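**Student:** after the sequence you'll find the predicted model.
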Amino acid sequence: MNQWKEYKLGEIVKFGNGKERPKSGGSIPIFGGNGILGYSDRSNYDGEVIVIGRVGAYCGSVYYENRPVWVSDNALVAKPKNEFNTKFLYYFLKNLKLNEYAEGSSHPLVTQSLLGSIEVCITDNEPEQRAIASILSSLDDKIDLLHRQNATLEALAETLFRQWFVEEAEESWEKGRLGDFVELNPKRTLKGGSVAPYLEMSNVSNQVYHPDNWYDREFSSGTKFINGDTLLARITPCLENGKSAYVDFLENEQVGWGSTEYIVMRPKPFLHTFFSYVLTRNEDFRSYAIASMVGSSGRQRVDINSLADYEISLPTHETIEKFNSFCEDSLQKMKHNHIEIRTLTQLRDTLLPKLMSGEVRVGESSN
């Protein structure tokens, strides 16, 4: 077997600083410490590149791109020296947890010199590096594909809602208020001190229905929910940022809980439960909810009585049934995908440290 060798990171990786973010406009990704910030019409790095968050909350975060990018000044760039494989180094740097090497507590920072001084043990056998990168990449590619499938299904549901419930509205349609068709903060029961799934606001997405994570926690005081409920963030800036979630991760008859800053929404039985979630993604509804916020600056919340007065028009029974059917089919596919995503993510996260330490060895690949 090949022996892994000790290096200082600066001996195998060349680091560079990003530059001030250019004006937006174009198709080239602008990378900062927390990922893609926007798009530009020019790049400062071409080809394969590793981007590392330099400062603040995303200090030490690691991203990989194999196309031209612009790297902003709150990030660093890393490229391999000699014959090291770029994708392998990307996974190696992710496994190092670079944020743990950051200087400063209130405003953490990593620098080129700090990163370059980190001592590591790594294989310099390029075929072995390719084999390791291939295994991890195949898992990430599958995870990404499943995420994109779900994003497409969710976007289709939002498009159908906008078309069937808004754009094709007719005078003859049944009209009412949100409170007539959707129950707000329905009663849910959870005994104090019992352990139940807890969903933090930070784990609620502003783009997709499924939360990032949840965990068991002893219930004290908070908003309670069951499968089929929609959670709408009611406080600034979470509402403006688009945070909402559809609950489908609980066991049958299980009650979960979370922040008191959620509004729980549950449609009447003739509407599919996903209706409420899709409504929260509608631009007109979100604008109305934001305009309904009250309270002091920085701590404003949606007034639930005002939210209940939001005007809704319902299409024909046949159209509602078509929408319900689409939602049911799509949710089954999306839930299956999410289960597979979690399984593949756990497998990748288990393999990553074992492969990067040499505990698990793989055959050399010529691909």
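**Tutor:** Yep, that arrived.

**Student:** how about low-confidence regions in this protein?
**Tutor:** 1-2, 363-367 (pLDDT under 70).

**Student:** walk me through the domains of it.
**Tutor:** Listed by automatic domain parsing, the domain ranges of the chain are 5-122, 125-153+317-367, 174-314.

**Student:** kindly reformat these as TSV containing distance to R162 and mean neighbour count.
**Tutor:** Heads up, the C-betas are built off the backbone N, CA and C, glycines and all. Putting the domains of the chain into TSV (distance: least, Cβ to Cβ, whole Å; neighbours: other Cβ atoms under 10 Å) gives the following:
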stretch	distance to R162	mean neighbour count
domain 5-122	25	17
domain 125-153+317-367	11	15
domain 174-314	7	17
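
**Student:** out of these, the one nearest E168 is which?
**Tutor:** Closest to E168 of these is domain 125-153+317-367 (Cβ to Cβ; 8.2 Å).

**Student:** next one: the closest one to chain centre, how far?
**Tutor:** 14 Å (Cα atoms, centre = their mean, to the nearest Å).

**Student:** so what's the residue nearest to K97 when sequence neighbours are not counted up against?
**Tutor:** Nearest residue to K97 in three dimensions, chain neighbours excluded: G60, at 7.0 Å (Cβ to Cβ, 6 or more residues apart in numbering). By Cβ atoms under 8 Å, 6 or more residues apart in numbering, the contact set of G60 is I52, G53, K97, L98, N99, E100, Y101, A102, P108, V110.

**Student:** help me confirm that V110 comes into contact with R54.
**Tutor:** Yes - using Cβ atoms under 8 Å, V110 is in contact with R54, at 6.0 Å.

**Student:** what's the overlap in contacts for the two?
**Tutor:** By Cβ under 8 Å, 6+ apart, the residues touching both V110 and R54 are L76.

**Student:** what about the strands in the stretch 251-367 of the chain?
**Tutor:** 256-258, 262-267, 293-294, 301-302, 311-314 (DSSP state E, counting those that start in this stretch).

**Student:** from the contact counts, what lies against the second one?
**Tutor:** Okay, so that is strand 262-267. strand 182-184, strand 223-225, strand 230-233, helix 274-280 (3 or more Cβ pairs under 8 Å, 6 or more residues apart in numbering; DSSP states H and E).

**Student:** which residues touch the last one?
**Tutor:** Helix 274-280 has contacts (Cβ under 8 Å, 6+ apart) with 157-158, 161, 182, 209, 229-230, 232, 244-246, 265-267, 285-286, 323-324, 327, 330-331.

**Student:** mind listing which of the contacts of G60 are in strands?
**Tutor:** Counted as lying in strands by DSSP state E, out of the contacts of G60, are I52, G53.

**Student:** element containing I135, please.
**Tutor:** Using DSSP states H and E, I135 falls within helix 126-161.

**Student:** partner strands of the helix or strand following that helix, with direction?
**Tutor:** Remark: after helix 126-161, the chain's next helix or strand is strand 174-177, criterion DSSP H and E. Strand pairing for strand 174-177, determined by DSSP bridges: strand 311-314 (antiparallel).

**Student:** quick check: the closest residue to L232 other than its chain neighbours vs P197, distance?
**Tutor:** Once flanking residues are discounted, L232 sits nearest to I263: 4.5 Å by Cβ to Cβ, 6+ apart. Applying Cβ to Cβ, to the nearest Å, one obtains 19 Å for the distance of I263 from P197.
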